[in-house]
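Visitor: just need the structure, nothing else, for what follows:
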Amino acid sequence: MSSSTQLLKQFGLVAEEDVAKLLGVSVKTLKNRRRNDLPEFVKAGRRRLFKEDSVKAYLDARVVNPAA
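Guide: Residues are numbered from 1 along each chain as shown. The predicted structure follows:
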């Protein structure tokens, strides 16, 4: 694990590339989404670093219950 990845993990942040991979979309698609359709993120220069808890909440809000 690289030192930058360790730092992100230490602060509870997830790189934009990892969020895109998790959602099954490209980074470009993620960049084009409206802010209200994204987990909370922190701007660090040109990078967007997503809050890990917000990514989990974003995914939890989109769980489909087939029994409902």
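Visitor: quick one, helices of this structure?
Guide: For the chain, the helices defined by DSSP state H cover 3-10, 16-23, 27-32, 52-60.
Visitor: now this protein, which segments are flagged as low pLDDT?
Guide: Within the chain, the segments meeting pLDDT under 70 span 1, 68.
Visitor: what sits against the residue nearest the centre of the chain?
Guide: Residue closest to the average C-alpha location in the chain (C-alpha atoms, centre = their mean): residue 19, at 3.9 Å. Neighbour list for residue 19: 30, 39, 50, 55 [criterion: C-beta atoms under 8 Å, 6 or more residues apart in numbering]. Any C-beta I mention is one placed from the backbone N, CA and C, and that applies to glycine too.
Visitor: try it again at 10 Å.
Guide: Going by C-beta atoms under 10 Å, 6 or more residues apart in numbering, residue 19 touches 25, 27, 30, 38-39, 41, 48-50, 52, 54-55, 58.
Visitor: got it, and residue 41?
Guide: 13-14, 16, 19, 30, 35, 47-51, 54-55.
Visitor: which residues pair with it across the strands?
Guide: residue 50 (DSSP bridges).
Visitor: any idea how far it is from residue 66?
Guide: Residue 41 sits 31 Å away from residue 66 when distances are taken as C-beta to C-beta, to the nearest Å.
Visitor: same deal with residue 37?
Guide: Going from residue 37 to residue 66 by C-beta to C-beta gives 23 Å.
Visitor: likewise residue 7?
Guide: Residue 7 is 39 Å from residue 66, by C-beta to C-beta.
Visitor: mind checking which of these two has more residues around it?
Guide: In this view residue 7 and residue 66 are compared by other C-beta atoms under 10 Å, and residue 7 has more residues nearby, 10 against 4.
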